[in-house]
Structures are given as structure tokens and as C-alpha cells.
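Q: sequence and predicted model, in that order:
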Amino acid sequence: MSLGDIWAIMRRRWYFMVPLTLLSLLAGGYLYRTIPVSYESQSSVTLLDSRAVAELAPTFGNPLSNAGGSLVVTADVLIRTLQSGDSAKELRSRGVTDRYTAGFAPDADSPLLTLSVTGTDRANVLRETATLTNFAGEQLKVLQAASKVPATYLVQTAPVVLPQTPVSQSKSRYQDIAAVVIVGFVGAFLLSILAEGVAVVRRRGRARAGYVPRRRRARPSERAPRGVLVRRLDATTILTGYLVLAFFVPSNLTLPALGGVGTPANVFALLGLLWYLATWLGGRILPAPGTRLPRVVMCVLAAAVLLSYLADATRDSSHEEVLGADRGLIGLGVWVALVVLASAGIQERSRLETLMRRLVVLGTVVALIGYYDFFAATNIADSIHIPGLQSSTAGISAMDRGSFTRPRSTTAHPLEFGGMLAILVPFAVHQAFDPVRRHAGALRRWAPVAIMAGALPLTVSRTSIIGVFIVILVMVPRWKPQRRWAAIGIVLSSVAGFKVIIPGLIGTITNLFASFLSNSDSSTQARTVKYSAIVPYLGERPWFGRGFGTFTPDLYFFTDNQYMLTLAETGIVGLVALLALFVTGIHQGGAIRRLARTESDRELGQAFLASALVALVISATFDALSFPMYAGMFFLTLGAGGSYLGFIRREAAAATVPAPRKPSETQLPQLAESR
């Protein structure tokens, strides 16, 4: 279905589009006039160790020198106390009637708390923030008094940032207005498409009965229309547009009304899902047969996310957590769109192969940008500014490890950069070996492999090295001995080349693993502390979690582990759904290899298996699905694996059906001569 077809449907069904669109615009205008502007004021306090500890060297009696990480647990207890129902009642009696929050300061490893109050009266908000700040110190004293802590060992609170002048918070207001307008327009659009689908079904029924309506009767041939609007769209074209936006618009640039999930690529994916629904409801496309598995698993994940959303609604969650849960639903819609478009929307194998080649080529360009970041000691994404978009993460700068700058290209973090390349390298290797592409020349086939694989060590992270090691471990043993030993020699020579070209890089990476194995790495120790800190949250809501998208770093802390984050947000049910995604990707790769009739298809199945196994393992090293580009590539490859499996199954089924005999091959009955 082309854009012109969609426009024609909207014009024919104007009685749905015009009234509902006008109603949504009027509702948006009404909300704009009636929803008051809210203001937010913040203050920051830190916990100071007791006087007895402060007198010890090397602080020399300075209490501010003892605002260390040893009080993180105490700060967590204080935050929980401030968020309790008893504290809310006490604050209400003191005049704090507006919504307030208490949590760790963003990106702070020390016991630094941020207190905020949001309301519609600017002066009252400032007064309530001062009351909340004083109340936090009082509650800390009450907690210690209840435990009979001696006076010399009392932990104190010290204001670091006094209550700030309230500033207007128009983002949530515009989000509500945009949501109403979007829901109204999308509802009108879907109703129009549904009405058109019903009309198509009726016309087909009349055609079977022999009735030909006047508008369908033979007419003189006309010249076929040309232009962008009448050009046929397919899922490969839609997904290519998504890839271009995902790779070349930095993932921290988002639409202001949608927050962190409002990247242009995500919005485009949601529009692509609407296009698929319109094409499907209009009777122009049917889901590709044999590709149901990834969509079924996505339904399981969607059920887990919706259950966690309901679980979040049953507790006293903060306004920020509610917004996080809403953003989580939008992110889920993007993932569903990618899986549906890749698995059900692609009807021809050649178009799927085109999509995978484009995926590898665009990933290679992103890797080249990473080379520039590494050798120029900068981040090129910091200099990209697009009108209408704003950065969803403040304070992003070049990250160093050792004496090397860790590149992130257009991604949000070096870990996302390395993880995304690790799941794409297997497909680059397959395309390099594919005999169908021998005409492309060795440079065009092997350059993506060398560029993407070579960019992985530049991130100076264990995640990237683990990812490339898994790719080698899964793919190389399946090759023939001649190719296998050649690959091992290339890997060893590449390590030697890195050692010569970039002195110190291999040693830095080796030290990372050595410190990890000896448990002397500060990064590993920090993650271990977070694992123990998240256990209480897991115990509170073990089955459905606190709500998908609510365990944000600005309210809690980074988990650096997708499985722990999934347990906290969606509980055991969500963890099972996540593992089902990874297992499905591995199963699809193995099934493609088992059913394939050519060596190229067998290697393609092994590539899908390696990619899914990389995602399974490295998800334990960082909160993978929190990064939009990495998550998009994972779900896109998951849907592509389901689509390839459908093609392989149909080809295998066609091969088992005997071909019909030609008339000349049919044996004629022997006739006996009558006497």
C-alpha cells in the first residue's frame, strides 16, 4: 500500500477522520486552557558521618570529608522513610499538600539526596520544599533515636543545595495534550482503515457472485500515475528508514514531549506499525506464513509489561515513576513494531536479504564514526544539534579508560556501541562468505567485517570483548578446517597488529579481565554493591515488579545488569518473558541451520544463533534494553530471524512435495488386441 492509497482511504472515510480529529484538537485545546502550569523546586542534602568518625585521620575533624559511600544504606533507609505513608500524613499536617519526591541524586555514588516538590502555586512550592528539607533531618534523628544510637555516633544531614526558586514544568502538560490529540487522530485513522477493509471484503463477495459495480467495470486504459505518493511501500523500505534515523540521529536527541523513548527512529517505527495495520486491515497484505513464533513471544513480553504496569498502579508510585511506566509502554510499542514489520511484513526473501545488507552497511558507517571518536579523543555526536529535538541525558561527554577515549559514535554509551556492533558482526561475516556476493569483490565483502570487528576493542570494555569472543566460539568451529585455521590466524595477527598500532590497548583490556578475576576492579565492586542494594526491591514485589520503566537511575541507581533490572521492574514473570526472547532467537538460528538446503543458509542460521547468544550473555553486563539503538537492533534481528525461518520452512516443504509429471511422462494403459 502506497502513501497515495492511504491518503485516498482517509478522503473516502472523511466522516471518521474529520469529526474525530476535530474532537481531539478541541480536547487538546480544552486541556491547554484548563490544566494549570506546575512548578518544581528542589533541594539537596547529604549525610555526614558521626563526630567520632570525623575526628579520625585523614579528615582532621572536618565533617564534610565524611560524606562517603559508607552511608549509602543509611540514605536508602531515609528515602524509604520519607516515601512511607506515615511520613506523607505528617508532611500533610505541616502543609505539604503537593506531590513530593525523595531519591538519590543522579550519577551520585555518595549519600547525596535530592528532594523535590511539584505544585501549581510557586510560593507554596518553595515553602513546602523547605519544610520537606527540614523534615528529612528530623526523620533521620528519629530513626537513630529509636535505635538508641549514642550522640557521638549520630549521622547528620547537611543541606548542599538550598530550596531553589520554583521553575515551570510544562513538559508533562504538553505530554497530556499531545497524548489526547494523537489518540484521537490514530483512532480516526484505524476506524477509517477498518471501514475500508470491511468494504473490500464486501466487494470481493459481490465479485464472486458475478456482480461488477459500475466503478469496477472496464474503462479505457489510462497512463499509470507517477510520484512519491503512489510508489509502493513495503516493510523493507519502512525498516530502512528506521535504520537511517536510528544510526545517524544520536540516540540522546528526542522529541521533548516523549522523553527518552521519543527518538525520531522510535516515532518512525510506530508510524510503520500504523502503516502495517492499515495495509493488513485493508486486505492488502497477510502475515508471512511460518513466522508466528517471534510475534507470540512478543505477546508474552507485552503481557508481562502490562501486568507490571497494573502492579505499578496499585502502589503509591511517584509522578516520575508513572511517567516512566508510560514511556515503557511506548518503548514496548516500538519493539513490537520492529518484530511485526520484520517477521510478518516482508513477503519476499530478496527484500529481506536487501534489508540485512543495508543493516550491515549502515552499522559499518557507525563503526567508522567510532574510529574518529577514538583517534580524535572526542564524541562527534556532541556536535550534532537538530532543531526540534533536545538531549534527554544531560552532561554526556567523552569517556576515558586508561589513556584511551572510549568511542560511542552516535549511540548513548560505549557499552551500547560495542554491544550493537557485537550482534551485527555475525551477519557481516556471513555476507562476506556468501557465494552469491562473490561478484562484489573482496574489499566490499570484507571491509564491514574488519571495520566493525576492529571497532570492538576500541571501546575498552569487557562487554565488547566477551561479545566478539562468543561470535568466534559459535561460528568458527562450524567452519571447514581450512577456513577455521585461517580465521584463527587472522584473529591472532589482528591482536598483534593492535599491539603495534595502538600501544597499551591490549594491555589495558587484559588488565580489565585480570582485575575482574582477582575481584580488585572498582567497577565490578560497585556493581556487586548494587546487586545487594536491589535485593529489598525484589523482595517487595517478586512476581510482577514495580512497573516497567520505573526503576530509573535518577530515582534509584544504575543496575548495570538487564536481568536484575527486569526483575525489579517486571518481576519473575518479566524475567521469564525476557529469557524466552533470547531462547527464541537461539532456536530460530538453530532451526534455520537444521532446515537449510544450502551451505550459505546454514551459515546464516549460525549467524542468527551467534547474535542471539551474544545478546543473552552481554545483557548481564549492562542494562541493554535501556539503550534505544541496541534494543532496536536486537528486536529487528529477532524479527528477521523469524522471517528467514519462515522462508526456509516454506522452501523445505516445497522440496518434499513431488513435482507433477509432464503429460509425456504419464504411462498410458496397455490395450490388448481383441481377436
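A: Happy to help now that I have it. Quantities reported herein were computed from a predicted structural model and do not represent experimental measurements.
Q: was I right to think residue 534 contacts residue 568?
A: Yes: in terms of C-beta atoms under 8 Å, residue 534 counts as a neighbour of residue 568; the distance is 5.8 Å. No exception for glycine: its C-beta is placed from N, CA and C like everyone else's.
Q: out of these two, which sits in the busier spot?
A: residue 568 (26 against 19; other C-beta atoms under 10 Å).
Q: what residues are bridge-paired with residue 115?
A: residue 43, residue 102 (DSSP bridges).
Q: and it, how close does it get to residue 96?
A: 11 Å (C-beta to C-beta, to the nearest Å).
Q: wait, doesn't residue 506 sit right on residue 497?
A: No: Residue 506 is beyond contact range of residue 497, at 10.0 Å (criterion: C-beta under 8 Å).
Q: what's near enough to touch residue 96?
A: 117, 128, 131, 132, 135 (C-beta atoms under 8 Å, 6 or more residues apart in numbering).
Q: so for residue 534 and residue 568, which residues contact both of them?
A: residue 559.
Q: hang on, the earlier thing: residue 506 and residue 497: which is more packed in?
A: The neighbour comparison of residue 506 against residue 497 (other C-beta under 10 Å) goes to residue 506, with 16 against 13.
Q: setting aside sequence neighbours, what's the nearest residue to the more buried one?
A: Leaving aside its sequence neighbours, residue 506 sits nearest to residue 499 (C-beta to C-beta, 6 or more residues apart in numbering; 4.9 Å).
Q: and that neighbour, what pLDDT?
A: pLDDT for residue 499: 83.
Q: how many neighbours does it have?
A: Count around residue 499 with other C-beta under 10 Å applied: 13.
Q: where does pLDDT dip in the stretch 551-675 of the chain?
A: For the stretch 551-675 of the chain, the stretches with pLDDT under 70 are 657-675.
Q: which parts of the helix or strand containing residue 652 are buried?
A: Using DSSP states H and E, the element containing residue 652 is helix 628-656. Neighbour counts over helix 628-656 (16 or more other C-beta atoms under 10 Å) mark 628-649 as buried.
Q: for residue 160, what are phi and psi?
A: For residue 160, the backbone dihedrals (degrees, to the nearest 10) come out as phi -100, psi -40.
Q: do the same with residue 418
A: According to degrees, to the nearest 10, residue 418 has phi -70, psi -40.
Q: one more: residue 35?
A: phi -80, psi 120.
Q: that one and residue 176 touch, don't they?
A: Yes: here residue 35 reaches residue 176: they are 6.6 Å apart, a contact under C-beta under 8 Å.
Q: need the overlap of contacts for the two.
A: Common neighbours of residue 35 and residue 176 (C-beta under 8 Å, 6+ apart) do not exist.
Q: what about residue 501, how many neighbours?
A: 8.
Q: any idea how far it is from residue 362?
A: On the measure of C-beta to C-beta, residue 501 and residue 362 end up 26 Å apart.
Q: which SSE is immediately downstream of the lowest-mean-pLDDT helix or strand in the chain?
A: Sorting the helices and strands of the chain by mean pLDDT, DSSP states H and E puts helix 51-54 at the bottom, at a mean of 56. As assigned by DSSP H and E, the chain's next helix or strand after helix 51-54 is helix 72-82.
Q: show me what counts as buried in that following helix.
A: Neighbour-count burial for helix 72-82 [16+ other C-beta under 10 Å]: 72, 74, 75, 76, 78, 79, 81, 82.
Q: turn these into TSV, including distance to residue 576.
A: Below are these laid out as TSV (distance: C-beta to C-beta, whole Å):
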residue	distance to residue 576
72	31
74	35
75	33
76	28
78	34
79	30
81	33
82	34
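Q: which member of those residues is positioned nearest residue 311?
A: Closest approach to residue 311 among the buried residues of helix 72-82 (C-beta to C-beta): residue 79, at 20.4 Å.
Q: what does the pLDDT read for the closest one?
A: Confidence score, pLDDT, at residue 79: 84.
Q: what about the residue lying closest to it once chain neighbours are set aside, how many residues close to it?
A: Leaving aside its sequence neighbours, residue 79 sits nearest to residue 102 (C-beta to C-beta, 6+ apart; 5.1 Å). Residues within reach of residue 102, counting by other C-beta under 10 Å, total 23.
Q: same check on residue 590?
A: So residue 590, with other C-beta under 10 Å, has 16 neighbours.
Q: just checking, the residue nearest to residue 79 touches residue 76?
A: No: counting by C-beta under 8 Å, residue 76 is not a contact partner of residue 102; they are 10.7 Å apart.
Q: mind checking pLDDT for residue 441?
A: 80.
Q: same thing with the one 3 residues further on?
A: The per-residue pLDDT reported for residue 444 equals 87.
Q: which strands or helices does whatever helix or strand it lives in pack on?
A: Secondary structure from DSSP H and E places residue 444 in helix 442-458. Judged by 3 or more C-beta pairs under 8 Å, 6 or more residues apart in numbering; DSSP states H and E, the packing partners of helix 442-458 are helix 349-376, helix 414-433, helix 462-475, helix 481-501, helix 505-517.
Q: what segments of this structure are strands?
A: 38-48, 99-104, 112-119, 156-161, 167-169, 253-254, 390-391, 399-401, 404-406 (DSSP state E).
Q: relative to residue 193, which of these is closest?
A: strand 253-254 (28.3 Å).
Q: pull the number of nearby residues for the closest residue to residue 246 other than its chain neighbours.
A: Once flanking residues are discounted, residue 246 sits nearest to residue 265: 3.8 Å by C-beta to C-beta, 6+ apart. Each residue near residue 265 was counted by other C-beta under 10 Å, and the total is 21.
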